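J.: Show me the folded form of this:
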Amino acid sequence: MNRILLCAALALGLAACGGESPAPAGDAAAPPAATESVPASAAEPIAPPPKLDATAVTAATGDGETVEDASFAASPVAAAVAASTASLAPPASKWQADVNYTLLPVAQPVSTAPGDVEVTAIFWYGCGHCFVLEPHYEAWEARGRPDYVKVVRMHVVWNEVTREDARLFYTIEALGKLKQLNMTVFREMHVNHRPFTVIAPGNRVDTAATEKNARAFLLENGVSAEDFGRTYRSFSIENKLRQAENLTRRYLADHTPMTVVQGKYVTDVTLAGGVDQLFEVINDLAARERAAR
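T.: Alright, predicted model coming up:
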(Lines give C-alpha, C1' and ligand atoms only; values in the text may rest on other atoms or scores of the structure.)
Protein backbone atom coordinates (compact mmCIF):
# COMPACT_ATOMS: atom_id res chain seq x y z
CA MET A 1 0.00 0.00 0.00
CA ASN A 2 2.80 2.41 0.86
CA ARG A 3 4.41 1.72 -2.49
CA ILE A 4 1.13 2.42 -4.34
CA LEU A 5 0.67 5.68 -2.49
CA LEU A 6 4.24 6.69 -3.22
CA CYS A 7 3.85 6.01 -6.96
CA ALA A 8 0.59 7.93 -7.04
CA ALA A 9 2.18 10.87 -5.29
CA LEU A 10 5.09 10.88 -7.73
CA ALA A 11 2.78 10.90 -10.78
CA LEU A 12 0.60 13.64 -9.36
CA GLY A 13 3.61 15.71 -8.44
CA LEU A 14 4.82 15.66 -12.03
CA ALA A 15 1.36 16.31 -13.44
CA ALA A 16 0.81 19.32 -11.22
CA CYS A 17 2.94 21.92 -12.87
CA GLY A 18 3.21 24.12 -9.86
CA GLY A 19 4.21 21.34 -7.51
CA GLU A 20 7.52 19.77 -6.58
CA SER A 21 8.81 17.26 -9.15
CA PRO A 22 11.49 14.66 -8.41
CA ALA A 23 14.72 15.01 -10.32
CA PRO A 24 16.07 12.15 -12.44
CA ALA A 25 18.08 9.56 -10.52
CA GLY A 26 21.55 10.69 -9.64
CA ASP A 27 20.87 14.39 -9.98
CA ALA A 28 20.26 17.05 -7.45
CA ALA A 29 16.62 17.92 -7.00
CA ALA A 30 15.20 19.81 -9.98
CA PRO A 31 13.49 23.10 -9.23
CA PRO A 32 9.71 23.16 -9.34
CA ALA A 33 8.59 23.42 -12.94
CA ALA A 34 6.11 25.57 -14.74
CA THR A 35 4.15 25.23 -18.04
CA GLU A 36 4.42 27.50 -21.07
CA SER A 37 1.48 28.87 -23.08
CA VAL A 38 1.26 30.62 -26.43
CA PRO A 39 0.13 34.25 -26.49
CA ALA A 40 -3.20 35.29 -27.93
CA SER A 41 -1.57 36.31 -31.20
CA ALA A 42 0.99 33.57 -31.75
CA ALA A 43 1.77 34.76 -35.26
CA GLU A 44 2.91 38.12 -34.02
CA PRO A 45 6.32 38.80 -32.47
CA ILE A 46 6.29 38.37 -28.72
CA ALA A 47 7.27 41.19 -26.46
CA PRO A 48 10.78 40.84 -25.08
CA PRO A 49 11.22 39.56 -21.54
CA PRO A 50 11.85 41.93 -18.67
CA LYS A 51 15.28 42.23 -17.12
CA LEU A 52 15.99 39.40 -14.71
CA ASP A 53 18.74 38.12 -12.48
CA ALA A 54 20.80 35.75 -14.62
CA THR A 55 20.94 33.21 -11.77
CA ALA A 56 17.16 33.04 -11.28
CA VAL A 57 15.64 29.56 -11.18
CA THR A 58 12.55 28.49 -13.16
CA ALA A 59 9.47 29.66 -11.26
CA ALA A 60 6.76 27.21 -10.20
CA THR A 61 3.50 28.18 -11.86
CA GLY A 62 0.43 26.67 -13.46
CA ASP A 63 0.33 23.39 -15.39
CA GLY A 64 3.63 23.06 -17.24
CA GLU A 65 5.63 25.82 -18.87
CA THR A 66 3.90 28.69 -20.61
CA VAL A 67 4.96 31.45 -22.95
CA GLU A 68 4.66 33.88 -20.07
CA ASP A 69 7.19 31.77 -18.16
CA ALA A 70 9.42 31.74 -21.22
CA SER A 71 9.46 35.51 -21.20
CA PHE A 72 9.79 35.90 -17.48
CA ALA A 73 10.92 33.54 -14.74
CA ALA A 74 12.79 30.88 -16.72
CA SER A 75 14.29 32.97 -19.47
CA PRO A 76 17.63 33.45 -17.78
CA VAL A 77 17.85 29.80 -16.86
CA ALA A 78 17.46 29.06 -20.53
CA ALA A 79 18.80 30.16 -19.32
CA ALA A 80 3.83 4.09 -28.54
CA VAL A 81 2.54 -2.54 -27.91
CA ALA A 82 5.06 -3.94 -30.30
CA ALA A 83 3.83 -3.91 -33.92
CA SER A 84 0.09 -4.51 -33.64
CA THR A 85 -2.65 -5.69 -35.93
CA ALA A 86 -6.09 -4.18 -36.31
CA SER A 87 -7.46 -6.73 -33.83
CA LEU A 88 -5.10 -5.36 -31.17
CA ALA A 89 -6.21 -1.75 -31.53
CA PRO A 90 -7.42 -0.43 -28.17
CA PRO A 91 -11.14 0.08 -27.64
CA ALA A 92 -12.28 3.58 -28.48
CA SER A 93 -13.61 4.03 -24.94
CA LYS A 94 -10.29 3.35 -23.17
CA TRP A 95 -9.14 6.93 -23.56
CA GLN A 96 -11.63 9.74 -23.99
CA ALA A 97 -11.29 12.69 -26.31
CA ASP A 98 -11.23 15.98 -24.41
CA VAL A 99 -10.42 14.05 -21.24
CA ASN A 100 -7.19 12.13 -21.87
CA TYR A 101 -6.30 13.80 -25.16
CA THR A 102 -7.58 16.44 -27.50
CA LEU A 103 -7.82 16.58 -31.28
CA LEU A 104 -6.23 19.42 -33.22
CA PRO A 105 -8.82 21.36 -35.25
CA VAL A 106 -6.70 20.67 -38.35
CA ALA A 107 -4.52 17.56 -38.58
CA GLN A 108 -0.95 18.46 -39.46
CA PRO A 109 1.29 16.71 -42.02
CA VAL A 110 3.80 14.15 -40.75
CA SER A 111 7.12 13.06 -42.15
CA THR A 112 6.93 9.34 -41.38
CA ALA A 113 6.81 6.54 -43.95
CA PRO A 114 3.56 4.64 -44.59
CA GLY A 115 2.91 2.25 -41.72
CA ASP A 116 4.80 4.37 -39.22
CA VAL A 117 3.33 6.78 -36.67
CA GLU A 118 4.97 10.05 -35.72
CA VAL A 119 5.11 11.12 -32.09
CA THR A 120 6.26 14.68 -31.52
CA ALA A 121 7.60 15.47 -28.06
CA ILE A 122 7.31 19.23 -27.59
CA PHE A 123 9.47 20.79 -24.91
CA TRP A 124 11.45 23.80 -23.76
CA TYR A 125 14.87 23.62 -22.14
CA GLY A 126 13.76 26.18 -19.57
CA CYS A 127 10.82 23.99 -18.46
CA GLY A 128 11.35 22.16 -15.17
CA HIS A 129 8.65 19.60 -15.99
CA CYS A 130 10.36 18.85 -19.30
CA PHE A 131 13.57 18.19 -17.37
CA VAL A 132 11.82 15.72 -15.04
CA LEU A 133 9.86 14.02 -17.86
CA GLU A 134 12.79 13.60 -20.26
CA PRO A 135 14.33 10.49 -18.56
CA HIS A 136 10.89 8.83 -18.68
CA TYR A 137 10.67 9.66 -22.39
CA GLU A 138 14.13 8.18 -22.97
CA ALA A 139 13.20 5.00 -21.06
CA TRP A 140 9.99 4.64 -23.10
CA GLU A 141 11.92 5.09 -26.35
CA ALA A 142 14.37 2.38 -25.31
CA ARG A 143 11.95 -0.18 -23.82
CA GLY A 144 8.28 0.68 -24.41
CA ARG A 145 8.06 2.28 -27.84
CA PRO A 146 6.68 0.14 -30.69
CA ASP A 147 9.06 -0.10 -33.65
CA TYR A 148 6.60 1.71 -35.91
CA VAL A 149 6.58 4.78 -33.69
CA LYS A 150 9.05 7.43 -34.77
CA VAL A 151 9.82 10.05 -32.14
CA VAL A 152 10.57 13.65 -33.09
CA ARG A 153 11.64 16.16 -30.47
CA MET A 154 10.54 19.71 -31.11
CA HIS A 155 11.70 22.70 -29.12
CA VAL A 156 9.05 25.42 -28.92
CA VAL A 157 9.71 28.87 -30.29
CA TRP A 158 7.48 31.46 -28.66
CA ASN A 159 9.76 34.45 -28.43
CA GLU A 160 13.32 35.66 -28.50
CA VAL A 161 14.37 33.67 -25.43
CA THR A 162 12.91 30.34 -26.55
CA ARG A 163 14.37 30.91 -30.02
CA GLU A 164 17.89 31.02 -28.60
CA ASP A 165 17.19 27.98 -26.40
CA ALA A 166 15.93 26.19 -29.53
CA ARG A 167 19.05 27.24 -31.44
CA LEU A 168 21.17 25.36 -28.90
CA PHE A 169 18.94 22.26 -29.20
CA TYR A 170 18.96 22.19 -33.00
CA THR A 171 22.71 22.80 -33.07
CA ILE A 172 23.26 19.79 -30.79
CA GLU A 173 20.89 17.73 -32.95
CA ALA A 174 22.66 18.77 -36.18
CA LEU A 175 26.02 17.84 -34.65
CA GLY A 176 24.72 14.34 -33.85
CA LYS A 177 25.18 14.88 -30.12
CA LEU A 178 21.57 14.76 -28.95
CA LYS A 179 21.76 11.45 -27.07
CA GLN A 180 24.91 12.55 -25.30
CA LEU A 181 24.08 16.16 -24.52
CA ASN A 182 20.30 16.66 -24.34
CA MET A 183 20.02 15.76 -20.64
CA THR A 184 23.31 17.52 -19.96
CA VAL A 185 21.79 20.80 -21.09
CA PHE A 186 18.79 20.22 -18.82
CA ARG A 187 21.08 19.48 -15.86
CA GLU A 188 23.19 22.53 -16.48
CA MET A 189 20.11 24.71 -16.42
CA HIS A 190 18.04 23.09 -13.68
CA VAL A 191 20.65 21.56 -11.37
CA ASN A 192 23.72 23.71 -11.85
CA HIS A 193 21.72 26.86 -12.57
CA ARG A 194 24.08 27.71 -15.42
CA PRO A 195 22.47 30.26 -17.73
CA PHE A 196 22.84 29.97 -21.50
CA THR A 197 20.59 32.76 -22.73
CA VAL A 198 21.73 36.16 -21.54
CA ILE A 199 19.37 39.11 -21.05
CA ALA A 200 20.94 42.45 -22.00
CA PRO A 201 19.98 45.97 -20.93
CA GLY A 202 16.71 46.91 -22.57
CA ASN A 203 15.34 43.45 -21.85
CA ARG A 204 16.65 41.93 -25.08
CA VAL A 205 18.64 38.74 -25.55
CA ASP A 206 22.33 39.40 -25.81
CA THR A 207 22.98 37.13 -28.79
CA ALA A 208 26.76 37.49 -28.67
CA ALA A 209 26.96 36.56 -24.98
CA THR A 210 24.46 33.75 -25.50
CA GLU A 211 26.50 32.35 -28.38
CA LYS A 212 29.63 32.57 -26.24
CA ASN A 213 27.93 30.50 -23.51
CA ALA A 214 26.71 27.91 -26.03
CA ARG A 215 30.15 27.71 -27.65
CA ALA A 216 31.93 27.23 -24.32
CA PHE A 217 29.49 24.50 -23.27
CA LEU A 218 29.75 22.57 -26.54
CA LEU A 219 33.52 22.83 -26.68
CA GLU A 220 33.64 21.51 -23.11
CA ASN A 221 31.61 18.53 -24.35
CA GLY A 222 33.67 17.44 -27.33
CA VAL A 223 32.46 19.69 -30.16
CA SER A 224 35.21 21.31 -32.19
CA ALA A 225 35.34 25.06 -32.66
CA GLU A 226 35.13 24.51 -36.43
CA ASP A 227 31.99 22.36 -36.17
CA PHE A 228 30.38 24.85 -33.83
CA GLY A 229 31.24 27.79 -36.08
CA ARG A 230 29.76 26.28 -39.22
CA THR A 231 26.59 25.02 -37.48
CA TYR A 232 25.32 27.41 -34.81
CA ARG A 233 24.15 30.19 -37.15
CA SER A 234 23.94 28.16 -40.35
CA PHE A 235 21.12 28.35 -42.89
CA SER A 236 20.07 24.85 -41.81
CA ILE A 237 19.65 25.91 -38.18
CA GLU A 238 17.79 29.09 -39.16
CA ASN A 239 15.44 26.93 -41.24
CA LYS A 240 14.89 24.59 -38.28
CA LEU A 241 14.00 27.56 -36.11
CA ARG A 242 11.48 28.83 -38.67
CA GLN A 243 9.92 25.36 -38.87
CA ALA A 244 9.76 25.06 -35.08
CA GLU A 245 8.10 28.47 -34.77
CA ASN A 246 5.57 27.52 -37.44
CA LEU A 247 4.82 24.15 -35.82
CA THR A 248 4.51 25.77 -32.40
CA ARG A 249 1.56 27.70 -33.82
CA ARG A 250 0.12 24.84 -35.91
CA TYR A 251 0.20 22.42 -32.97
CA LEU A 252 -1.36 25.11 -30.72
CA ALA A 253 1.56 24.46 -28.39
CA ASP A 254 0.63 26.78 -25.54
CA HIS A 255 2.52 24.84 -22.86
CA THR A 256 5.29 22.32 -22.35
CA PRO A 257 5.77 19.42 -22.09
CA MET A 258 3.13 18.17 -24.51
CA THR A 259 2.98 15.33 -27.07
CA VAL A 260 1.36 15.19 -30.52
CA VAL A 261 0.55 11.78 -32.04
CA GLN A 262 0.47 11.60 -35.86
CA GLY A 263 -0.14 15.32 -36.16
CA LYS A 264 -3.63 15.12 -34.70
CA TYR A 265 -3.85 13.90 -31.08
CA VAL A 266 -2.51 16.11 -28.29
CA THR A 267 -1.85 14.85 -24.78
CA ASP A 268 0.28 15.54 -21.73
CA VAL A 269 0.86 14.23 -18.21
CA THR A 270 -2.12 16.08 -16.78
CA LEU A 271 -4.60 14.94 -19.44
CA ALA A 272 -3.33 11.36 -19.30
CA GLY A 273 -3.52 11.28 -15.52
CA GLY A 274 0.12 10.58 -14.74
CA VAL A 275 3.49 9.75 -16.23
CA ASP A 276 2.86 6.02 -16.81
CA GLN A 277 -0.57 6.78 -18.21
CA LEU A 278 0.93 9.31 -20.60
CA PHE A 279 2.93 6.62 -22.39
CA GLU A 280 -0.07 4.27 -22.36
CA VAL A 281 -2.11 6.97 -24.08
CA ILE A 282 0.66 7.58 -26.62
CA ASN A 283 1.04 3.85 -27.35
CA ASP A 284 -2.69 3.26 -27.69
CA LEU A 285 -3.33 6.30 -29.87
CA ALA A 286 -0.42 5.27 -32.08
CA ALA A 287 -1.79 1.69 -32.32
CA ARG A 288 -5.25 3.03 -33.12
CA GLU A 289 -3.87 5.32 -35.80
CA ARG A 290 -1.83 2.52 -37.38
CA ALA A 291 -4.77 0.06 -37.31
CA ALA A 292 -7.03 2.60 -39.05
CA ARG A 293 -4.85 2.62 -42.17
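J.: residues touching V261, list them.
T.: When contacts are counted by Cβ atoms under 8 Å, 6 or more residues apart in numbering, V261 is found next to 80, 101, 117-120, 267, 282, 285-286, 289. Using the backbone N, CA and C atoms, a C-beta is placed for each residue, glycine as well.
J.: Then G115?
T.: Residues in contact with G115, defined by Cβ under 8 Å, 6+ apart, are 148, 290, 293.
J.: And W95, its phi and psi?
T.: Torsion angles at W95 (phi, psi; degrees, to the nearest 10) stand at phi -120, psi 140.
J.: What segments of the stretch 51-200 of the chain are helices?
T.: 67-71, 128-143, 160-174, 178-190 (DSSP state H, counting those that start in this stretch).
J.: closest to Y232 out of these?
T.: Y232 lies closest to helix 160-174 among the helices of the stretch 51-200 of the chain, at 5.1 Å (Cβ to Cβ).
J.: That closest one vs helix 178-190, what angle?
T.: 150 degrees (axes from the mean of the first three to the mean of the last three Cα atoms, to 10 degrees).
J.: picking that back up, please convert the contacts of G115 to JSON lines, extending it with pLDDT and neighbour count.
T.: Putting the contacts of G115 into JSON lines (pLDDT from 0 to 100; neighbours: other Cβ atoms under 10 Å) gives the following:
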{"residue": "Y148", "pLDDT": "97", "neighbour count": "19"}
{"residue": "R290", "pLDDT": "93", "neighbour count": "22"}
{"residue": "R293", "pLDDT": "75", "neighbour count": "8"}
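J.: will you turn the residues you listed into JSON lines that also has distance to G273?
T.: Listed next are those as JSON lines, based on distance: Cβ to Cβ, whole Å:
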{"residue": "Y148", "distance to G273": "25"}
{"residue": "R290", "distance to G273": "23"}
{"residue": "R293", "distance to G273": "28"}
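J.: just curious, which of these is nearest to W95?
T.: Closest to W95, out of all of the contacts of G115 and judged by Cβ to Cβ, is R290, at 15.4 Å.
J.: Please report the distance of that closest one from S111.
T.: 16 Å (Cβ to Cβ, to the nearest Å).
J.: about what we covered before: tell me the one of the contacts of G115 nearest A107?
T.: Taking the contacts of G115 together and measuring to A107 by Cβ to Cβ, the closest member is R293, at 13.7 Å.
J.: one step back: any idea which of the contacts of V261 the model trusts least?
T.: In terms of pLDDT, A80 ranks lowest among the contacts of V261, with 37.
J.: who touches stretch 215-228?
T.: 171-172, 175, 177, 180-181, 184-185, 188, 194, 196, 214, 232.
J.: For PyMOL, what selects the buried ones among those residues?
T.: Buried members of these, defined by 16 or more other Cβ atoms under 10 Å, are picked up in PyMOL with:
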select buried, resi 171+172+175+177+181+185+188+194+196+214+232
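J.: Any chance of a markdown table for the contacts of stretch 215-228, columns distance to H129 and pLDDT?
T.: Output for the contacts of stretch 215-228, formatted as a markdown table (distance: Cβ to Cβ, whole Å; pLDDT from 0 to 100):
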| residue | distance to H129 | pLDDT |
| --- | --- | --- |
| T171 | 23 | 98 |
| I172 | 20 | 98 |
| L175 | 26 | 98 |
| K177 | 24 | 97 |
| Q180 | 23 | 96 |
| L181 | 20 | 98 |
| T184 | 18 | 97 |
| V185 | 15 | 98 |
| E188 | 17 | 97 |
| R194 | 19 | 91 |
| F196 | 19 | 96 |
| A214 | 23 | 98 |
| Y232 | 27 | 98 |
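J.: tell me the two of the contacts of stretch 215-228 that are most distant?
T.: Counting by Cβ to Cβ, the most remote pair of these is L175 and R194, 19.4 Å apart.
J.: where along the stretch 151-293 of the chain do the strands fall?
T.: 199-200, 204-205, 258-261, 265-267 (DSSP state E, counting those that start in this stretch).
J.: Please work out which of those is packed deepest.
T.: strand 258-261 (a mean of 26; mean count of other Cβ atoms under 10 Å).
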